[in-house]
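J.: Predicted structure and sequence below. I'll ask about it afterward.
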Amino acid sequence: MLPPPYEREREALNRSRNELERFLEFYSQDRHHQEAKTLLGGVKDMQFAFLNYVTKYYETREEFGGVIVRCESALSSFPERAKAERMDLRLAKAYLNKDRIADALALYQAHLEAGPALEDEESVRGWVTQLTGILESKKEAEKDTGESSGVQEKESEAAKPE
């Protein structure tokens, strides 16, 4: 039994990427080096486009575990493309929906520190302030009671993205 055609196409993309990367590594002075570099860029674009498509699929179905896996993969494999598509912010929202407040806060802070002001900077700063407050109140509550049960519910409600 063969995998479906779209899976076979992705397999060909993966093999193409591996072969082009090997060619560029071993034949850096070859006359086809620039052409291979251009082809590799196209292959990476297609791989990222598929990963972005799957991420959007999981987002629309509110399957945040799937969003997290795809965004983390995209950010590690295609960092420039992923940041251009705001996958860091999409990952932060998925973390919030999975009650991973500290992870979401770290991503929002990294987004702000990454570069020049963007149109979403004010919104991200608001999230950083809100999540910092939630984490601080959680720490205080844990000190007072030695438990985190009541704060977990409050944290979950306050941190749901729009």
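T.: Received the coordinates, thanks.
J.: Only the buried residues of the one helix or strand Thr132 maps to, if you could.
T.: Using DSSP states H and E, Thr132 sits in helix 121-145. Neighbour counts over helix 121-145 (16 or more other Cβ atoms under 10 Å) mark Val124, Trp127, Val128, Leu131, Ile134, Leu135, Lys138, Ala141 as buried. Where you see a C-beta, it was placed from the backbone N, CA and C, and this is true even at glycine.
J.: Quick check: closest non-adjacent residue to the fourth one.
T.: What it means is Leu131. Leu105 (4.2 Å; Cβ to Cβ, 6 or more residues apart in numbering).
J.: wait, what's in contact with the one you found?
T.: Contacts for Leu105 (Cβ atoms under 8 Å, 6 or more residues apart in numbering) come out as Trp127, Val128, Leu131, Thr132, Leu135.
J.: Is the residue most central in space within the chain in a helix, a strand, or coil?
T.: By Cα atoms, centre = their mean, the chain has its centre lying nearest to Cys71, at 2.8 Å. The local conformation at Cys71, judged by DSSP: H, G, I helix; E, B strand; the rest coil, is helix.
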